[in-house]
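> Dropping a prediction and its sequence here:
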Amino acid sequence: MARPPKRTTRYFQRTLGVEELQILIAAGNGNISDGFRELMDVYSHVWSLGFRPIMPLSSIEVALSIDDVIQGNQEDSSED
């Protein structure tokens, strides 16, 4: 059994499932550490917009401008 978390924890280890690993890889463009930091940034952003852990994830809505979509598509195609 794992030790209970503390606010002073500096390092934590967790065995990632396949789905969790795939999410971190996608979020970090192949780098799981970058993916973790990216997810922390996303959570920080939705927190600043009023999202709280008691709320369902379905309460988060994402709006992208056409420029965001075009930029994302250009970045995706340059990876091929």
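Everything's here; your move.
> Find the centremost residue of this protein, please.
The centroid of the chain falls nearest to Leu39 when counting by CA atoms, centre = their mean (2.2 Å).
> Confirm for me that that one is in contact with Leu24.
Yes. Using CB atoms under 8 Å, Leu39 makes contact with Leu24 at a distance of 7.3 Å. For every residue, glycine as well, the C-beta is placed using N, CA and C.
> any idea how far Gln74 is from Asp68?
Distance, Asp68 to Gln74, by CB to CB, to the nearest Å: 11 Å.
> Would you mind measuring from Trp31 to Thr15?
One correction, residue 31 is Asn, not Trp. Look at Asn31 and Thr15: by CB to CB, they are 19 Å apart.
> Give me the pLDDT value at Cys68.
Careful, residue 68 is Asp and not Cys. Listed pLDDT for Asp68 reads 78.
> Please pull out the lowest mean pLDDT helix or strand from this structure.
Sorted by mean pLDDT, DSSP states H and E, the helices and strands of the chain end with helix 66-78, the least confident at a mean of 75.
> what's in contact with the longest helix along the chain?
Longest helix in the chain, counting residues (DSSP state H): helix 32-48. Here helix 32-48 makes contact (CB atoms under 8 Å, 6 or more residues apart in numbering) with Leu21, Ile23, Leu24, Ile25, Ala26, Ala27, Gly28, Asn29, Ile60.
> Using PDB, list the CA coordinates for it.
Presented in PDB, the C-alpha positions along helix 32-48 are these (Å, rounded to 0.1, in the frame of the first residue of the first chain):
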ATOM      1  CA  ILE A  32       6.000  12.300 -20.900                       C
ATOM      2  CA  SER A  33       7.700  14.900 -18.700                       C
ATOM      3  CA  ASP A  34       6.600  17.600 -21.000                       C
ATOM      4  CA  GLY A  35       3.200  16.000 -21.200                       C
ATOM      5  CA  PHE A  36       2.800  16.100 -17.400                       C
ATOM      6  CA  ARG A  37       3.800  19.800 -17.400                       C
ATOM      7  CA  GLU A  38       1.300  20.500 -20.200                       C
ATOM      8  CA  LEU A  39      -1.500  18.800 -18.300                       C
ATOM      9  CA  MET A  40      -0.600  20.900 -15.200                       C
ATOM     10  CA  ASP A  41      -0.800  24.000 -17.300                       C
ATOM     11  CA  VAL A  42      -4.200  23.000 -18.700                       C
ATOM     12  CA  TYR A  43      -5.500  22.300 -15.200                       C
ATOM     13  CA  SER A  44      -4.100  25.600 -14.000                       C
ATOM     14  CA  HIS A  45      -6.000  27.300 -16.800                       C
ATOM     15  CA  VAL A  46      -9.300  25.700 -16.200                       C
ATOM     16  CA  TRP A  47      -9.000  26.300 -12.500                       C
ATOM     17  CA  SER A  48      -8.500  30.000 -13.200                       C
END
